[in-house]
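K.L.:
Quick one: sequence and predicted model below, then my questions.
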Amino acid sequence: MAEVDPRTLLPRDKCDSKAAAAVIALGYPAVGPVLRDLLEWLQDCNWPVSRPIGDFLATLPEPMAPLIWEVLRGDDYIWKYWCIVRLLSVMPTTIAGQFRAELRRLAEHPTPVERGEPLDEVAREALDALWPSGSE
């Protein structure tokens, strides 16, 4: 059986649910080369393909962590919002711990733009979900 190139299965538009299901069905590590491409579908979680792709990516916290850092260091505030809501807030704390300081910064000292998106609110919610009552 020939290996399928996951790039050939990537969704072509926001409604390409059939392609999203096909690439997700390949599983990890087969989709490793296209994780960043898949993460781009979380730029707007109102897109139909975003939910299944986000659900799938949430099952891959370790390989997603470096890609989430790229988003958090960028300037797409809505993408940051969705990465926090869909991925960070449901990660195991052993992996999410590397994001704790950044989540605290967003929650306690957001820039005006971050507050407007409202990254401070979702950062607080993620902190509360991951570390209830400040637990370690």
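P.N.:
Here it is on my side, so go on.
K.L.:
Helices of the chain, start to end?
P.N.:
17-26, 35-39, 50-57, 61-72, 77-86, 93-96, 100-108, 112-116, 119-130 (DSSP state H).
K.L.:
what about these, which gets the closest to residue 6?
P.N.:
helix 17-26 (5.6 Å; CB to CB). Quick note: C-beta positions are derived from backbone N, CA and C, even for glycine.
K.L.:
hang on, residue 77 packs against residue 119?
P.N.:
Yes: contact criterion CB atoms under 8 Å: residue 77 and residue 119 qualify, at 6.4 Å.
K.L.:
Please identify which of these two sits among more neighbours.
P.N.:
residue 119 (23 against 14; other CB atoms under 10 Å).
K.L.:
Tell me which residues touch that one, please.
P.N.:
The neighbours of residue 119, taking CB atoms under 8 Å, 6 or more residues apart in numbering as the test, are 77, 80-81, 84, 106, 110.
K.L.:
pLDDT added to the residues you listed, as CSV?
P.N.:
Listed next are the contacts of residue 119 as CSV, based on pLDDT from 0 to 100:
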residue, pLDDT
77, 97
80, 98
81, 98
84, 98
106, 98
110, 97
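K.L.:
So which of these is the closest to residue 58?
P.N.:
Among these, and counting by CB to CB, the member closest to residue 58 is residue 84, at 12.0 Å.
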